[in-house]
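Visitor: quick check, what structure comes out for this input:
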Amino acid sequence: MRLTWPGRQWREGDEPPISAARPKALTTVEIAGDPDLANRLVHGDGLDVIGALEAEGLRGRVDLVYVDPPYASDRDYVAEARLDGPADGRARRTLAYEDRWTSERGGVGAYLDMLAPRLDALTRLLSPRGTIWVHLDWRAAYLVRALLDEILGRDAFVNEIVWRRAPNLGRQAASGQFGRTLDTIVVYGRERARLRPPTRLEPIEPGAIRWDDEGRPFTSAPRGDYTDASIAKLDAEGRVHRTKSGRVYIKYFLVKNAEGALCRERRVDALWTDVAPLRHAAASERTGYPTQKPRALLERIITCATEPGSWVVDAFAGSGTTGVAAHALGRRAVLSDTSPVAIATARARLLRDGAPLRVERAAGTSAPEAKGVKVQLKDDRVRLVQPAEPLAWAVGTEELGVFRAAWHAERVPGAKPVPAALEARVPRRPNLCVRVFCDDGSVGTWARPRAGELGAAGGATT
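Guide: Purely as a prediction, here's the structure:
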């Protein structure tokens, strides 16, 4: 099967050309923590990054690719960084990315020509047990299924997960149609792909609870299509309940949840209503980046699709949720995004969570420059004077274009955000360097002036 659309440019199976536009290597610009254990955060186009990863030998070694790409929503998305907490308090708002595909810009054909080659390239990274998860909504999910059928074949389809991301309230509920409260996550896999769905606890009504001769609480269900051999095996395990009339039921033993209620443990199916939307997450999790997904959602995906130590790749990284979840679960992540706001947000978030990090850049990509960085030095203390409210900043050294952080601080979001500390104590050294990261994605650098160069780099020394 081959899809067609007006102006189609993508050819299934095309390799990203390795050239100046698709470089063989990524440039490291910052290292924080152990470089051998570092997660990778790359500023650049997904095709550049995937081509570089293939050149490094990562092809066929990635167990999970998760992407949350643009949805063809014809909207602009703005990041909102709250500086002092209240909803009517001070906030910085910056364009994070555009998702407009009007007819003047090529319409849905241009959208597919953006998305298709990136999905195609990402599938080449998958290991024999690897899966690709593409997170979308009603606007593009059906298109992605058709694309992945062409790229991997219909037999590679694993699941279509439906996640309830919002309650049906307000204008949405009164819109004259069923509320669009769902996202779709399309899952395809290689030949040895096998997921391990988690379980969740479902409270049981007290009237449905029984107790066996050993005092164990259980609920039961008809035998259904269990064979006689299966029933005999379950009977040996004490899991068969027979009524006085001789009818056979299967016992499901109950456990208590955190509130002490007796619950049945059930396998999670393809309808996910038990992962709360981001609005219900702790305030400290919400970065203000638009379209951020809850960490619990990514932790479920990563847990069921990978093993500890696996590589996880996200080529539309946004606020960095995939990397934070992967680090917490003992996996290593490669994240990339074209948005400087996304890179700044994800960097601060990963370091705030203690993840070792390598920040890289694809050729031709750069962050806006934050000018006017001012620093004061006194003995072993380094104080950031300007900007006074950075998203994050770090003190370290720079050699051959690589900044190595010896100390770093980030603003902590929450109901009342905690500003980044503005003073560091680090050993004085000749090549001392300060790097500052702002909410709009801009990056500023201050380098310690050498003898005869006081006042260089916009800094102040005392």
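
Visitor: now do stretch 404-412, average pLDDT.
Guide: Averaged over stretch 404-412, pLDDT sits at 97.

Visitor: so what's the most centrally placed residue in the chain up against?
Guide: Centroid-nearest residue in the chain, with C-alpha atoms, centre = their mean: T322, separated by 2.4 Å. T322 sits next to Y66, L298, I302, V312, D314, A333, L335 when contact means C-beta atoms under 8 Å, 6 or more residues apart in numbering. Any C-beta I mention is one placed from the backbone N, CA and C, and that applies to glycine too.

Visitor: again, only using 10 Å
Guide: 39, 64-68, 133, 293, 295, 298-299, 301-302, 312-314, 316, 331, 333-335, 346 (C-beta atoms under 10 Å, 6 or more residues apart in numbering).

Visitor: which ones among the residues you listed map onto helices?
Guide: Residues of the contacts of T322 located in helices (DSSP state H): R295, L298, E299, I301, I302, A346.

Visitor: do you know how far the fourth one is from Y249?
Guide: Counting by C-beta to C-beta, to the nearest Å, the separation of I301 from Y249 is 35 Å.

Visitor: could you find the closest non-adjacent residue to C438?
Guide: A370 (5.0 Å; C-beta to C-beta, 6 or more residues apart in numbering).

Visitor: tally up the residues packed near the one you found, please.
Guide: 20 (other C-beta atoms under 10 Å).

Visitor: per-residue pLDDT of it, please?
Guide: 96.

Visitor: what do you get for G85?
Guide: At G85, pLDDT is 79.

Visitor: please apply the same query to E12.
Guide: E12 is given a pLDDT of 76.

Visitor: how near is the nearest residue to P340 once chain neighbours are set aside to A81?
Guide: Distances taken as C-beta to C-beta, 6+ apart put G441 closest to P340, at 2.8 Å, once the chain neighbours are dropped. Going from G441 to A81 by C-beta to C-beta gives 11 Å.

Visitor: next up, phi/psi of K371, please.
Guide: phi -100, psi 160 (degrees, to the nearest 10).

Visitor: tally of neighbours for it?
Guide: The burial count for K371: 9, using other C-beta under 10 Å.

Visitor: contacts only, for R332.
Guide: 37-40, 308-313, 323, 326, 355-356.

Visitor: beta partners of the closest residue in space to I132 that isn't next to it in sequence?
Guide: Nearest non-adjacent residue to I132, counting by C-beta to C-beta, 6+ apart: V65, 4.3 Å away. Beta-bridge partners for V65, by DSSP bridges, are I132, V313.

Visitor: how many other residues sit next to V65?
Guide: 27.

Visitor: these two touch, right, it and A315?
Guide: Yes. Counting by C-beta atoms under 10 Å, V65 does reach A315; the two are 7.6 Å apart.

Visitor: now A355, what are its backbone angles?
Guide: According to degrees, to the nearest 10, A355 has phi -80, psi 130.

Visitor: before we move on, what about M114?
Guide: Dihedral angles for M114 - degrees, to the nearest 10 - are phi -80, psi -50.

Visitor: quick one: contacts for it?
Guide: Contacts of M114 (C-beta under 10 Å, 6+ apart): Q9, W10, G46, L47, P69, P70, A72, W101, G106.

Visitor: of these, which is the most crowded?
Guide: G46 (27 neighbours).

Visitor: got the domain ranges for this structure?
Guide: 30-194+270-361, 199-267, 374-458 (automatic domain parsing).

Visitor: looking at the ones you listed, which is buried most?
Guide: domain 30-194+270-361 (a mean of 19; mean count of other C-beta atoms under 10 Å).

Visitor: straight-line length of that domain, end to end?
Guide: 10 Å (C-alpha to C-alpha, to the nearest Å).

Visitor: check stretch 315-330 too.
Guide: 20 Å.

Visitor: likewise for stretch 426-442?
Guide: 24 Å.

Visitor: now for G441 and A81: what residues contact both?
Guide: T94, V341, A344, T345, L391.

Visitor: direction included, what does whichever helix or strand L95 is part of pair against?
Guide: Element membership of L95 [criterion: DSSP states H and E] is strand 91-99. Neighbouring strands of strand 91-99 in its sheet, by DSSP bridges, are strand 75-82 (antiparallel).

Visitor: list the contacts of the residue nearest to P340.
Guide: G441 makes contacts with 43, 79, 94-96, 339-345, 367-368, 370, 391, as judged by C-beta under 10 Å, 6+ apart.

Visitor: residues contacting the spatially closest residue to E285 that is not a sequence neighbour?
Guide: Once flanking residues are discounted, E285 sits nearest to R295: 6.1 Å by C-beta to C-beta, 6+ apart. When contacts are counted by C-beta under 10 Å, 6+ apart, R295 touches V275, L278, A281, A282, E285, T321, T322, V324, A325, A328, D353.
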